[in-house]
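Colleague: Quick one, fold the following:
(4 chains)
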2 protein chains.
Amino acid sequence: MSLVEKDKPYHHGDLRAALLKAAEAMIERVGVEGLSLRELTREIGVSSNAPRRHFPNKQVLLDALALQGFERLGMVFRRAASSNEREFSQRIIKVAKANIRFAMKNRSLYRLMFASKQRAGAPVELLDAAKATLTAGGSAVVYGQSVGAVIAGDPDQLGLTLLAAVEGLMSLSVDGKFNGVPIEHLAEQVIENIVLGLKPR
Amino acid sequence: MSLVEKDKPYHHGDLRAALLKAAEAMIERVGVEGLSLRELTREIGVSSNAPRRHFPNKQVLLDALALQGFERLGMVFRRAASSNEREFSQRIIKVAKANIRFAMKNRSLYRLMFASKQRAGAPVELLDAAKATLTAGGSAVVYGQSVGAVIAGDPDQLGLTLLAAVEGLMSLSVDGKFNGVPIEHLAEQVIENIVLGLKPR
DNA sequence: ACCTGAACACCGTTCAAGT
DNA sequence: ACCTGAACACCGTTCAAGT
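Modeller: This next block holds a predicted model:
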């Protein structure tokens, strides 16, 4: 009856990937709390508990989404770290802005990532992925230490200081702004403050 | 039939307060996503939509909870700001630790507060309360500027730098730790880094 | 191995009604 | 003004079954 052979005994080969993709789109549309597995399966065109083979429950799907997010953020950090700005703080600002852009383009995902990590029974793979990504972020940020632009000290701790400031800016902001000022701009000021220090020289 | 007169035509005078209190306890027990209005009403002993007069829907109750949280955090900031430590960074550390303690004692509430603030249709009262509280936090933190311990500049911006770092530490941490180190301890190092600056002097 | 279909317990929300 | 009780549409999850 059909011109193309679409026997389609099962879905289309990769229901797991299709679910993750549709779920990511849905949370950006309606927020994480608005995600419905049933609606997801309706969109994709499978029965309401086809997902169960891939994700035993909703939580597991959310965790998988968060893990994917951390992996992508890790790539963002690694790419931004290879920038070749001369000035140390300019380089940090590049990393920070890449981080901010990612958070802004994937608001719900970003929130989900950090919320999942905090959850009581979070799986180790997720925690490990988060740790790896944040470590990459921290080290991307203190790359300049090698050229003597940064004080001596535990690089992880110095990276943490900068990373925390950027992360904090995002958690303090609303709609990408704080008191009306875009955080991309605030990030520059905050980073300058940290590099130079608050104490008079 | 009863020795005490408990006509109890309605609940016990303040269903609204009772709901908020029970809801706060419940989210700390089972997380925000685990909060059920129906279970709440069962606990309190009213019908399943008695809440509706006080909170037209679940979201409104969550927003009210978040608002209450910001008000309490504001008080924490104001109290911590009146500390009389000599050293500037010691004073900041006091504020930071008070912030961290609040976040640790009210994990779910704290997450709810910052998540609510980011939500698309967040009510203005909530945004205003958040702004007021965070401003209080920022200014608590640059209190030392008046004694010349801090460089000149927009105090809001300087406060933001410190506040963002502390806030970021908490969002990066898991279970109050980052790479196994308690954030109370990390906060001290991070604050010292910011006050002194990363650049060699 | 991967999916369907029907069922279960629970949920938030709405409506008509009671005092 | 404040609450009840019944109903509605929807949800996540489970179970038995099909290929």
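Colleague: From here on, just use CA atoms for contacts and neighbour counts.
Modeller: OK.
Colleague: Report the secondary structure state of the closest residue to DNA strand C within chain A.
Modeller: Closest residue of chain A to DNA strand C, C-alpha to the nearest atom of the strand: A:Ser47 (3.0 Å). Secondary structure, DSSP: H, G, I helix; E, B strand; the rest coil: A:Ser47 is coil.
Colleague: In contact with it, which residues?
Modeller: Residues near A:Ser47 by C-alpha atoms under 8 Å, 6 or more residues apart in numbering or on different chains: A:Thr41.
Colleague: How about A:Phe55?
Modeller: Here A:Phe55 is in contact with A:Leu61 (C-alpha under 8 Å, 6+ apart).
Colleague: The one 3 residues further on now?
Modeller: By C-alpha under 8 Å, 6+ apart, the contact set of A:Lys58 is A:Leu37.
Colleague: how does it look with 6 Å?
Modeller: If you count contacts by C-alpha atoms under 6 Å, 6 or more residues apart in numbering or on different chains, A:Lys58 has none.
Colleague: how far away is it from chain B?
Modeller: Distance, A:Lys58 to chain B, by C-alpha to the nearest C-alpha, to the nearest Å: 12 Å.
Colleague: Could you do A:Ala18 as well?
Modeller: Going from A:Ala18 to chain B by C-alpha to the nearest C-alpha gives 25 Å.
Colleague: what about that residue, neighbour count?
Modeller: Applying other C-alpha atoms under 10 Å in any protein chain shown, we find 16 residues neighbouring A:Ala18.
Colleague: For chain A, give me the ranges with low pLDDT.
Modeller: A:1-12, A:143-150, A:152 (pLDDT under 70).
Colleague: wait, does the longest helix along it contact DNA strand C?
Modeller: What stands out as the longest helix in chain A, according to DSSP state H, is helix A:58-81. No. No part of helix A:58-81 sits near DNA strand C under the criterion C-alpha under 7 Å from any atom of the strand; the closest distance found is 14.0 Å.
Colleague: Return the set of buried residues in that helix.
Modeller: Residues of helix A:58-81 classed as buried by neighbour count (16 or more other C-alpha atoms under 10 Å in any protein chain shown): A:61-71, A:73-74, A:76-78, A:80-81.
Colleague: What about DNA strand D: which of the residues you listed touch it?
Modeller: Under the cut-off given by C-alpha under 7 Å from any atom of the strand, DNA strand D has nothing from those close to it.
Colleague: Identify the residues contacting the closest residue in space to A:Gly168 that isn't next to it in sequence.
Modeller: Closest residue to A:Gly168 apart from its sequence neighbours, by C-alpha to C-alpha, 6 or more residues apart in numbering or on different chains: B:Gly168 at 3.6 Å. By C-alpha under 6 Å, 6+ apart, the contact set of B:Gly168 is A:Ala164, A:Ala165, A:Glu167, A:Gly168.
Colleague: Now render these as a markdown table, adding distance to DNA strand D.
Modeller: Compiled in a markdown table, the contacts of B:Gly168 are given as follows (distance: C-alpha to the nearest atom of the strand, whole Å):
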| residue | distance to DNA strand D |
| --- | --- |
| A:Ala164 | 33 |
| A:Ala165 | 35 |
| A:Glu167 | 29 |
| A:Gly168 | 31 |
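Colleague: Three-state assignment for the residue lying closest to A:Leu15 once chain neighbours are set aside, please.
Modeller: Spatial nearest neighbour of A:Leu15, chain neighbours left out: A:Pro51 (7.6 Å); criterion: C-alpha to C-alpha, 6+ apart. Per three-state DSSP, the secondary structure class of A:Pro51 is helix.
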